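*Asks:* kindly generate the corresponding structure for this input.
(2 chains)
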Amino acid sequence: MKKPLIASSLILSNIMSNNNIFQEIDISSDFCDAAIVEKRIVKAMEKYGYDEEDVFALKLSLEEALANAILHGNQHNSEKKVHIRFLVNREKVDIYISDEGNGFNPLAVPDPTKEENLQRPNGRGIMLIRAYMNLLEYNPQGNVLHMVKLSDH
Amino acid sequence: MSEYGPRIEIENNDGIITAKLLDKEILEERTINDIQESLFSLVEDQPRIKLIVNFIKVKHLSSSALGTLIRLNKRVEEGGGALTLCEIKPSLYEVFVITKLNRLFDIYESLKEALDSYSE
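*Replies:* I've put the predicted structure just below:
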């Protein structure tokens, strides 16, 4: 695992974080950095009392969103960055994920639960995010994803 | 049987092969590729395999992992074998329900039920 790109900037933003300010981070298009950001968000959720179910939902959604940004948006090009903007507080987990791709039309993604698509190995990421998050939206171009998980407490 | 890699633990019960997934989180590309390789090797070595994939240790998996299972299912069926999944935690089972993959796979709650299904 190569040395994480973002370790020092995470430490800095941690010192400055409070619960109404978004933290912003750029990660390279590999899964090492993604795992670090995920851990940071999960830790913050636990600190604000989100339960296991919420953490599961967020982990899954974040995993799918980052995979899409890295693999589809950035074409797995390690030179391209994924920009993550996130806020965790008692009310919600709010995340924006931008990639350097040209975007796509989320409405054009076929329904993976249809009989003819069920055996396709791909195409379930967006559906899962929609199922587990309270809000999922894209910018018009389709290269910025916005998702929100509201807390139950 | 470490010849199938460190990510799965193999057991043979009267010809029924159980592959226990050892990773708690099956999210990263590399993990998924390793697991796919291991499971496909199993099927290659024994085309008419009676295979059970045991999820007891798994807490998280991504949709790419679901893709691996779909490919595996296809491969097993092509070879004349059979595949069942078992010991999937409720939170994970929900992922199969949401994606309607619970209709594609034979899923049993317990390993025992999965083993028994092959004796019928």
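*Asks:* now residue 77. Nearest residue, chain neighbours left out?
*Replies:* All of this refers to chain A. residue A:29 (5.9 Å; CB to CB, 6 or more residues apart in numbering or on different chains). For the C-beta atoms, the positions are set from N, CA and C on the backbone; glycine is no exception.
*Asks:* chain B, not that one
*Replies:* residue B:83 (7.6 Å).
*Asks:* quick one, strands of chain B?
*Replies:* Under the criterion DSSP state E, chain B contains strands at B:8-13, B:16-21, B:25-26, B:50-54, B:60-61, B:82-86, B:106-108.
*Asks:* confirm residue A:70 sits in a strand?
*Replies:* No - using DSSP: H, G, I helix; E, B strand; the rest coil, the secondary structure at residue A:70 is helix, not a strand.
*Asks:* retrieve the pLDDT associated with the closest residue to it other than its chain neighbours.
*Replies:* Excluding its sequence neighbours, the residue lying closest to residue A:70 (CB to CB, 6+ apart) is residue A:29, at 4.5 Å. Looking at residue A:29, its pLDDT is 83.
*Asks:* distance check, residue A:29 against residue A:96.
*Replies:* 17 Å (CB to CB, to the nearest Å).
*Asks:* look at the two and report which has more neighbours.
*Replies:* residue A:29 (22 against 18; other CB atoms under 10 Å in any protein chain shown).
*Asks:* for the spatially closest residue to residue B:106 that is not a sequence neighbour, what are its contacts?
*Replies:* Nearest non-adjacent residue to residue B:106, counting by CB to CB, 6+ apart: residue B:84, 4.4 Å away. Listed by CB atoms under 8 Å, 6 or more residues apart in numbering or on different chains, the contact set of residue B:84 reads B:51-53, B:105-108, B:114, B:117-118.
*Asks:* do residue B:5 as well
*Replies:* By CB under 8 Å, 6+ apart, the residues touching residue B:5 are B:34-35, B:37-38, B:41.
*Asks:* report the beta-bridge partner residues of the most centrally placed residue in chain B.
*Replies:* What sits nearest the mean C-alpha location of chain B, by CA atoms, centre = their mean, is residue B:53, with 2.9 Å. Beta-bridge pairing of residue B:53 under DSSP bridges involves residue B:19, residue B:85.
*Asks:* quick one: residue A:102 from residue B:99, how far?
*Replies:* For residue A:102, the distance to residue B:99 equals 27 Å [CB to CB].
*Asks:* for residue A:10, report the pLDDT, please.
*Replies:* With respect to pLDDT, residue A:10 scores 59.
*Asks:* again with residue A:96
*Replies:* At residue A:96, the pLDDT recorded in the model is 98.
*Asks:* could you do residue A:36 as well?
*Replies:* 89.
*Asks:* three-state assignment of it?
*Replies:* With three-state DSSP as the criterion, residue A:36 reads helix.
*Asks:* now it: how far from chain B?
*Replies:* Here the criterion is CB to the nearest CB, to the nearest Å. By it, residue A:36 lies 13 Å from chain B.
*Asks:* one more: residue A:23?
*Replies:* Residue A:23 is 22 Å from chain B, by CB to the nearest CB.
*Asks:* how many residues are close by that residue?
*Replies:* Neighbour count for residue A:23, taken as other CB under 10 Å: 20.
*Asks:* same deal with residue A:120?
*Replies:* Neighbour tally, residue A:120, other CB under 10 Å: 13.
*Asks:* got the contact list for it?
*Replies:* The neighbours of residue A:120, taking CB under 8 Å, 6+ apart as the test, are A:112, B:70.
*Asks:* and the one 10 residues further on, by the same measure?
*Replies:* Residues in contact with residue A:130 (CB under 8 Å, 6+ apart) are residue A:136.
*Asks:* check the gap between it and residue A:114 for me.
*Replies:* From residue A:130 to residue A:114 the distance is 16 Å (CB to CB).
*Asks:* what residue ranges in chain A score low on pLDDT?
*Replies:* Scanning chain A for pLDDT under 70 picks out A:1-18.
*Asks:* could you pull out the helices for it?
*Replies:* For chain A, the helices defined by DSSP state H cover A:7-16, A:31-47, A:52-67, A:125-132.
*Asks:* ok, chain B next?
*Replies:* Counting by DSSP H, the helices of chain B are B:29-45, B:63-78, B:90-98, B:111-117.
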